[in-house]
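Participant: Next one to model:
(2 chains)
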Amino acid sequence: MLLNQFLILSAVLFSIGVYGVLTRRNGVMVLMSIELILNSVNINLVAFAAFREAIPGEVFALFVIAVAAAEVGVGLAMVLLLYRNRRNIDLAGIDSMKG
Amino acid sequence: MTGFFLSQIQGLDPLTSDEVLVAQNVFFALIALVMILAALKMVTTENIVHAALYLVIVLAGAAGMFILLGAEFVAVTQILVYIGAIIVLFLFGIMLTKGSFGTEEGELRERNRMAVLVAVLIVAVTSGSFIDSFRDAELNRQAPSTTADIGDSIFGQFIIPFEAISVLLLAALIGSVVIARRDQ
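Facilitator: Purely as a prediction, here's the structure:
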């Protein structure tokens, strides 16, 4: 197996995740697209770990999984708070900070 | 019974390394195709519950990729944490916020063309640099990495990051409880 086939697969998945983050307006969908991005990064890390026959790449993939779990917990809590305050989770309607 | 199956397995001709390579490439192509199709369906489907289920397919495919790369512990963790826990969390989030979009028809796609441009540019630039850097670098791992090696590495070289991650998880737990609490 070539290293490149894994790297290009993860690049494709990453860009699909970016497309999801940019186009979807539902807060939960944006979080799911971020999971897709983190997952493609994990494929990259493990592919390099296999390429260099080194363990640290896999350890970093495990750390990324842990960080993703923490991120989803906080993100979904924020989406729930948003839903309770505004009765919808349309991210296009959130402009109270005028960013 | 077990002895019978073991003798059957030992009776089979072992695969040559070329046959293993072909099998690996066939499985890679199958899993990659399924992953990309499911990911595309996930970001374009109007039904958000279906999107979560397509995400399950992508995550399971990633676990298959980890198995192909010889990282069995990461694959098992992927299934336990992502498919077992995070997807359930997402389904709860979807249930609790259901009806805020009615049907998902309201999802405007005004930035669609720009987003496609950005995604295609990312694929083009990263794939170009990958092909330039690792033109035909072969993966020639002799044996899969064992769970014992990963445990040694986490509790030896990476003990400080590991403790930091555990504090981060605790902080995220407390933070999400505080954020989502009803009586402020």
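Participant: since we're on residue 35, how many residues are nearby?
Facilitator: No chain in the question, so chain A it is. By other Cβ atoms under 10 Å in any protein chain shown, 24 other residues sit near A:Glu35. (Each C-beta comes from the backbone N, C-alpha and C, glycine too.)
Participant: that answer is for a different chain, and I need it for chain B
Facilitator: Using other Cβ under 10 Å, B:Met35 has 27 other residues around it.
Participant: next one: B:Ile67
Facilitator: The burial count for B:Ile67: 17, using other Cβ under 10 Å.
Participant: B:Ala63 now?
Facilitator: B:Ala63, neighbours per other Cβ under 10 Å, totals 22.
Participant: Give me the packing partners of the strand or helix carrying it, helices and strands only.
Facilitator: In the assignment (DSSP states H and E), B:Ala63 maps to helix B:48-68. Here helix B:48-68 touches helix A:3-23, helix A:27-52, helix B:17-44, helix B:72-77, helix B:87-96, going by 3 or more Cβ pairs under 8 Å, 6 or more residues apart in numbering or on different chains; DSSP states H and E.
Participant: can you do 6 Å?
Facilitator: Using 3 or more Cβ pairs under 6 Å, 6 or more residues apart in numbering or on different chains; DSSP states H and E, the elements in contact with helix B:48-68 are helix A:27-52, helix B:17-44, helix B:72-77, helix B:87-96.
Participant: Kindly format the C-alpha coordinates of the shortest one as PDB.
Facilitator: Coordinates of each C-alpha in helix B:72-77 appear next as PDB, following Å, rounded to 0.1, in the frame of the first residue of the first chain:
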ATOM      1  CA  GLU B  72      -5.700  -2.100  16.200                       C
ATOM      2  CA  PHE B  73      -5.900  -0.200  19.500                       C
ATOM      3  CA  VAL B  74      -6.800   3.000  17.800                       C
ATOM      4  CA  ALA B  75      -9.400   1.200  15.700                       C
ATOM      5  CA  VAL B  76     -11.100  -0.300  18.800                       C
ATOM      6  CA  THR B  77     -11.000   3.100  20.600                       C
END
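Participant: how about it: buried residues?
Facilitator: Within helix B:72-77, the residues scored as buried using 16 or more other Cβ atoms under 10 Å in any protein chain shown are B:Glu72, B:Phe73, B:Val74, B:Ala75, B:Thr77.
Participant: how far away is the second one from chain A?
Facilitator: Using Cβ to the nearest Cβ, to the nearest Å, B:Phe73 is found at 7 Å from chain A.
Participant: Compute the number of surrounding residues for the nearest residue to that residue once chain neighbours are set aside.
Facilitator: Excluding the flanking residues, the one nearest B:Phe73 by Cβ to Cβ, 6 or more residues apart in numbering or on different chains is B:Thr147, at 4.6 Å. For B:Thr147, the tally of surrounding residues (other Cβ under 10 Å) stands at 12.
Participant: My guess is B:Thr147 contacts B:Val74. True?
Facilitator: No. Counting by Cβ atoms under 6 Å, B:Thr147 stays clear of B:Val74, with 9.9 Å between them.
Participant: tell me, what's touching these two both at once?
Facilitator: Shared contacts of B:Thr147 and B:Val74, defined by Cβ atoms under 6 Å, 6 or more residues apart in numbering or on different chains, are not found at any residue.
Participant: where in chain A is pLDDT low?
Facilitator: Flagging of chain A using pLDDT under 70 yields the residue ranges A:99.
Participant: number of nearby residues for residue 38?
Facilitator: Because you didn't say which chain, this covers chain A. 18.
Participant: try chain B instead
Facilitator: 22.
Participant: What of B:Val49?
Facilitator: Residues within reach of B:Val49, counting by other Cβ under 10 Å, total 13.
Participant: For the nearest residue to it once chain neighbours are set aside, the count of nearby residues, please.
Facilitator: Distances taken as Cβ to Cβ, 6+ apart place B:Ile94 nearest to B:Val49, at 6.0 Å, with adjacent residues excluded. Residues lying near B:Ile94 (other Cβ under 10 Å) number 20.
Participant: try B:Leu37
Facilitator: 14.
Participant: same question, B:Val81
Facilitator: Applying other Cβ under 10 Å, we find 17 other residues in the vicinity of B:Val81.
Participant: Regarding chain A, what is its longest helix?
Facilitator: helix A:56-86 (DSSP state H).
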